[in-house]
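J.: how would this look folded up:
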Amino acid sequence: MGNMFGKEKPLKEQLRENKRTITRAIRELDRETRSLQKEEQRLTIEIKKMAKENQMKAVKIMAKDLVRTRQYITKFIEMRSHLQGCALKLQTVKSHAAMAEAMASTAKAMSKMNKAVNVPSINKMMAEFERENMKSEMMQEMMGDAIDDALADENDEEEEDRIVAQVLDEIGVNMNEAIPNAPALGLGAADASAVPDGKVAVGIENGAGGGGPTVEDPALSDLEARLNNLKR
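T.: Predicted coordinates for the structure are as follows:
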């Protein structure tokens, strides 16, 4: 119908019709080959039967038919092989056509995509992204510094308390308990009789109360020196 109005059929349609024709021809050849093979079997049986009955003329005639039948079977098999080769060639042409069509459509799509891509716009967008990324990193750094400054005093106090506790542990003094044998600060030698067990109270500074000489405790002096070093 397409050729009646002067329209040429598409390549796919032509290939499909040719393949259909070849397949139909192969089926017909197979059907004729099977028929000839049955005829060959029948002739073989008849020849054996006539040979047993000693009818040699009939055997010769049937032998000619058998040879002719086998020749046609061979020809049909050859024709079928040629038709299969044609079908394979058509399939190859169809694959090449499909590949060419796919490559053409891919080229068109790539051309459209390349035209749609705006390189200056992409460069501008990347520059803006880099600039905003740098701003974000700077803001994060500033916020981190501000948080560190806000928590610096608290961290310093905690560090000081930790060092003081470490120093007291080294000299065997517990902060939650009274210092053993701690001298009474600010008292002179005149109040020595008030201390039980005959222990003499000593002061940090000389002449603090009674004008008499005071005796310094080495452990207490070492503690004061460590604390003074921490406060500097």
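J.: What distance do you get for residue 162 to residue 168?
T.: 11 Å (C-beta to C-beta, to the nearest Å). In this view, the C-beta of every residue, glycine as well, is placed from N, C-alpha and C.
J.: Going by how many neighbours each has, rank the two and give me the top one.
T.: residue 168 (16 against 10; other C-beta atoms under 10 Å).
J.: Give me the pLDDT value at the more buried one.
T.: Per-residue pLDDT puts residue 168 at 72.
J.: Also residue 232?
T.: Looking at residue 232, its pLDDT is 60.
J.: Ok, residue 82 next?
T.: Residue 82 is given a pLDDT of 90.
J.: Quick check: phi and psi on it?
T.: phi -60, psi -40 (degrees, to the nearest 10).
J.: Residue 75: which element?
T.: helix 56-116 (DSSP states H and E).
J.: counting contacts, what elements does that helix pack onto?
T.: helix 11-52 (3 or more C-beta pairs under 8 Å, 6 or more residues apart in numbering; DSSP states H and E).
J.: Tell me which other helices or strands the helix it packs on touches.
T.: helix 56-116.
J.: and the helix it packs on with helix 11-52, angle?
T.: 160 degrees (axes from the mean of the first three to the mean of the last three C-alpha atoms, to 10 degrees).
J.: any weak-confidence spans in this protein?
T.: For the chain, the stretches with pLDDT under 70 are 1-6, 150-160, 172-217, 219, 230-232.
J.: Phi and psi next, for residue 53.
T.: phi -90, psi 0.
J.: distance of residue 31 from residue 85?
T.: Distance from residue 31 to residue 85, counting by C-beta to C-beta: 20 Å.
J.: no no, residue 72
T.: Remark: distance between residue 72 and residue 85 (C-beta to C-beta) = 20 Å.
J.: And for residue 63?
T.: 34 Å.
J.: Who has more neighbours out of these two?
T.: With neighbours defined as other C-beta under 10 Å, residue 63 and residue 85 compare such that residue 63 has more, 15 against 11.
J.: Report how many residues lie close to the closest residue to the more buried one other than its chain neighbours.
T.: Distances taken as C-beta to C-beta, 6 or more residues apart in numbering put residue 47 closest to residue 63, at 6.2 Å, once the chain neighbours are dropped. Residues lying near residue 47 (other C-beta under 10 Å) number 19.
J.: for residue 47, what are its contacts?
T.: 59, 62-63, 66 (C-beta atoms under 8 Å, 6 or more residues apart in numbering).
J.: Name the nearest of those relative to residue 15.
T.: Nearest to residue 15 among the contacts of residue 47, counting by C-beta to C-beta, is residue 66 at 41.2 Å.
J.: what about the closest residue to the closest one other than its chain neighbours, distance to residue 74?
T.: Computed as C-beta to C-beta, 6+ apart, the closest residue to residue 66 that is not its neighbour in sequence is residue 43, at 4.4 Å. Using C-beta to C-beta, residue 43 is found at 16 Å from residue 74.
J.: Same drill for these two, tell me which one is more crowded.
T.: Neighbours per residue, other C-beta under 10 Å: of residue 43 and residue 74, the larger number sits with residue 43, 19 against 12.
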